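1. below are the sequence and a predicted model; questions follow.
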Amino acid sequence: MMAQIKDLFQSADFKSEKHVPIIEAPEKVKRAEFTKITIAVGKHIPHPNTTEHHIRWIEVYFLPDGEKFPYHIGKGQFNAHGESAQGPNTSTVYTHPQVTISFKTEKSGTLLASSYCNIHGLWESSQKIEAE
């Protein structure tokens, strides 16, 4: 049987696993008003951010209740992990795996976040939000 991308995503409690994208969003939002959400990796347990071991990206989707397909609402790409022309971990420039996005919706639904660690692969999490 061929591998499918859905089978490659890992999930765990973010309080005990540093790779899980943590979604910070209100449980209730006002319909058709912009809401700010933040997704970060390593908030409770720091994730290494070195040339050899780092988070490359975070993606965010929203799946409205009753719909089949999610909307891709944003992506953060993190490209500075201490590498330089002098070698690994010799730069003083580092990015932090966190992205903040504002979006609005008329419907309740589920926020879905995924992240990619260059050593430990794909991770996911989700959070329900209710539009009032």
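-> Cool, the structure landed. Numbering: from 1, shown residues only.
2. tell me, how many residues neighbour Lys68?
-> 6 (other C-beta atoms under 10 Å). Where you see a C-beta, it was placed from the backbone N, CA and C, and this is true even at glycine.
3. so how far is Ser115 from it?
-> Applying C-beta to C-beta, to the nearest Å, the value for Lys68 to Ser115 is 24 Å.
4. stretch 9-27: end-to-end distance?
-> One end of stretch 9-27 to the other measures 24 Å (C-alpha to C-alpha, to the nearest Å).
5. likewise for stretch 2-11?
-> End-to-end distance (C-alpha to C-alpha), stretch 2-11: 21 Å.
6. hmm, who's touching it?
-> Contacts to stretch 2-11, defined as C-beta atoms under 8 Å, 6 or more residues apart in numbering, come from residues His19, Val20, Ser114, His120, Gly121, Leu122, Trp123, Glu124, Ser125.
7. show me those that map onto strands.
-> Ser114, Gly121, Leu122, Trp123, Glu124, Ser125 (DSSP state E).
8. partner residues bridging the third one?
-> Pointing back at Leu122 there. Tyr116 (DSSP bridges).
9. let me see the contact set for the residue nearest the centre of the chain.
-> Nearest to the mean C-alpha position of the chain, by C-alpha atoms, centre = their mean, lies Ile58 at 3.8 Å. For Ile58, the contact set (C-beta under 8 Å, 6+ apart) comprises 21, 39-41, 75-76, 78, 97-99, 113-115.
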